[in-house]
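Engineer: Take a look and give me a structure for this.
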Amino acid sequence: MNEYDSNRVGDLLGESHGFEITSKPEEADLILLNTCSIREKAQEKVFHELGRWKKLKKLKPELKIGVGGCVASQEGKNIISRAPFVDIVFGPQTIHRVPDLYQSSLVNCNPGIDIEFPKTEKFDYLPSPSSKGPSAFVSIMEGCNKYCTYCVVPHTRGHEVSRDKKDILEEVRALVDKGVREVNFLGQNVNAYRDGKDKTKGLGLANLIRESSEIEGLDRIRFTTSHPFEFGQELVNVYGEVPELVSHLHLPVQSGSNSILKLMRRRHTREDYIDLISRIKGKRPGISLSSDFIVGFPGETEEDFMLTLDLVDQIGFDESYSFMYSPRPNTTALEFEDDVSPDKKKERLSSLQNKIKNNANIISRRMVGTTESCLVTGVSKKDPGQLQARTENNRVVNFNASSHSMIGEFINLDIVEALPNSLRGVIA
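Structural biologist: Numbers count the residues shown, from 1 in each chain. Below you'll find the predicted structure:
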């Protein structure tokens with residue numbers, strides 16, 4: 001979501017003020033930091049980065065610095081207190097006002113702060129999205145109403161608000177016209193997307209996927225991040241109806257223990273999750289699954305953690321975003337006793353990540369000898385002499401190619417080697 005917002009701010013500033021992006025901060029007239037506050041470590045990185053930019057501003061007083069995103073929404077004026085050299089503070093819902101905030105900063109001595117929640121207003125002011133490759137993010141809804149006890153998102157992103165389906169489809173068509181072959185629908189709770197008054201769980205997203213799949217030139221559809229509670233049967237059914245919907249699903253579970261899930265206010269049980277995955281696999285056998293996990297949540301016992309490890313084995317996750325619990329402001333869990341020691345949290349995190357890494361390696365090795373249809377996304381990050389592609393189940397494949405003309409195309413690759421974080425292929 002932050003990557004999408006950052007790109008859209010870049011589009012807007014380029015169109016309204018003629019800005020160009022530079023990779024060198026010392027060359028910039030305006031530096032914007034788009035932030036995340038979902039974990040304490042991410043939030044502290046913001047102020048460390050600002051400390052480095054303070055030196056740039058001393059050398060170049062006319063430089064303007066802005067902080068946006070969830071830390072800005074959460075901290076507001078406190079950012080100015082800690083970093084008085086910041087000129088602009090804007091929230092996730094006010095990225096469209098950045099040009100006005102910048103213009104005001106040129107004439108005003110006081111910093112401009114705008115962290116309101118004006119629903120979907122920002123999408124009315126953003127220009128047609130630019131395309132930087134064959135795959136693109138498309139934001140379809142904002143905010144979350146779930147109020148999980150550990151999560152700060154409802155306070156920094158606001159309540160759930162869905163975009164008009166017609167506007168989303170227009171954005172997808174515009175991207176396809178620019179060469180995009182794959183879209184990833186985004187939302188903090190993406191399967192809570194509503195395209196009308198009907199509140200059937202998952203129906204809005206299911207309908208959007210169905211209609212998007214009819215757009216000529218769009219070959220792959222992804223979505224993230226979803227919530228098990230909102231994953232209704234209509235959305236499950238789409239996996240049996242729409243071949244453009246990829247065989248990969250990221251579905252956060254957070255814990256394998258019902259007692260911890262209840263403390264987290266996740267609104268689903270371990271059994272609910274297992275049943276949901278079983279129904280999805282019934283529609284799409286062989287689907288690749290990834291998830292989010294929090295270890296060391298207040299009250300988590302060794303038995304609770306072993307239930308999480310058991311769930312990993314039972315489901316067969318091949319990727320995860322897993323973190324140690326850290327208290328966040330304005331959350332219910334802040335009042336809980338943080339009774340799992342830092343060392344125990346680290347030990348559990350290591351065990352979980354090693355187990356999922358082993359699962360991922362097994363799945364990767366099984367892919368050796370197969371031929372995969374892959375979308376060529378660009379030049380390999382590790383070897384500029386190779387190209388990088390992505391399989392339908394979200395694996396990165398690096399391969400030798402004589403020309404960059406393949407970027408943006410689908411090709412068949414024979415998988416010849418499984419590496420720790422990628423696959424190696426050759427053109428079939």
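Engineer: how about residue 110, phi and psi?
Structural biologist: Backbone torsions of residue 110, given as degrees, to the nearest 10, read phi -80, psi 140.
Engineer: what's the burial count for it?
Structural biologist: Residue 110 sits with 9 neighbouring residues when counted by other C-beta atoms under 10 Å. Using the backbone N, CA and C atoms, a C-beta is placed for each residue, glycine as well.
Engineer: go on, residue 192?
Structural biologist: Using other C-beta under 10 Å, residue 192 has 24 neighbouring residues.
Engineer: how about the helices of the stretch 51-200 of the chain, start to end?
Structural biologist: Assigned by DSSP state H, counting those that start in this stretch, the stretch 51-200 of the chain shows helices spanning 70-75, 77-82, 98-107, 121-125, 153-157, 165-177.
Engineer: Now the weakest link among these, please, by mean pLDDT.
Structural biologist: Per-segment mean pLDDT for the helices of the stretch 51-200 of the chain reaches its minimum on helix 121-125, at a mean of 84.
Engineer: measure residue 11 to residue 132 for me?
Structural biologist: 10 Å (C-beta to C-beta, to the nearest Å).
Engineer: Who has more neighbours out of the two?
Structural biologist: Counted by other C-beta under 10 Å, residue 11 and residue 132 do not tie: residue 11 has more neighbours, with 15 against 12.
Engineer: Confirm that that one sits in a helix.
Structural biologist: Yes. Following the definition DSSP: H, G, I helix; E, B strand; the rest coil, residue 11 is counted among the residues of a helix.
Engineer: Regarding this protein, what is its longest helix?
Structural biologist: Within the chain, and with DSSP state H defining each element, the longest helix by residue count is helix 342-367.
Engineer: Following element in sequence after that one, please.
Structural biologist: strand 371-379 (DSSP states H and E).
Engineer: Partner strands of the next helix or strand after that next one and their direction?
Structural biologist: Of the helices and strands lying after strand 371-379 in sequence (DSSP H and E), the nearest is strand 386-390. With DSSP bridges as the criterion, the sheet partners recorded for strand 386-390 are strand 371-379 (antiparallel), strand 396-400 (antiparallel).
Engineer: I'd like the ones you listed laid out as a markdown table, including mean neighbour count, mean pLDDT and distance to residue 236.
Structural biologist: Formatted as a markdown table, the entries for those read as follows, by neighbours: other C-beta atoms under 10 Å; pLDDT from 0 to 100; distance: least, C-beta to C-beta, whole Å:
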| stretch | mean neighbour count | mean pLDDT | distance to residue 236 |
| --- | --- | --- | --- |
| strand 371-379 | 19 | 96 | 24 |
| strand 396-400 | 20 | 97 | 28 |
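Engineer: now those in TSV, with distance to residue 40?
Structural biologist: Compiled in TSV, the strands paired with strand 386-390 are given as follows (distance: least, C-beta to C-beta, whole Å):
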stretch	distance to residue 40
strand 371-379	32
strand 396-400	30
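Engineer: For residue 328, find the nearest of those.
Structural biologist: Evaluated with C-beta to C-beta, the strands paired with strand 386-390 place strand 396-400 nearest to residue 328, the distance being 31.4 Å.
Engineer: ok now do the closest residue to residue 59 other than its chain neighbours, which residues does it touch?
Structural biologist: The spatially closest residue to residue 59, leaving aside those adjacent along the chain, is residue 26, at 7.8 Å (C-beta to C-beta, 6 or more residues apart in numbering). Under the criterion of C-beta atoms under 8 Å, 6 or more residues apart in numbering, the contact partners of residue 26 comprise 56, 59, 60.
Engineer: just those residues now: which is nearest residue 82?
Structural biologist: Comparing the contacts of residue 26 against residue 82 with C-beta to C-beta picks out residue 56 as the nearest, at 17.3 Å.
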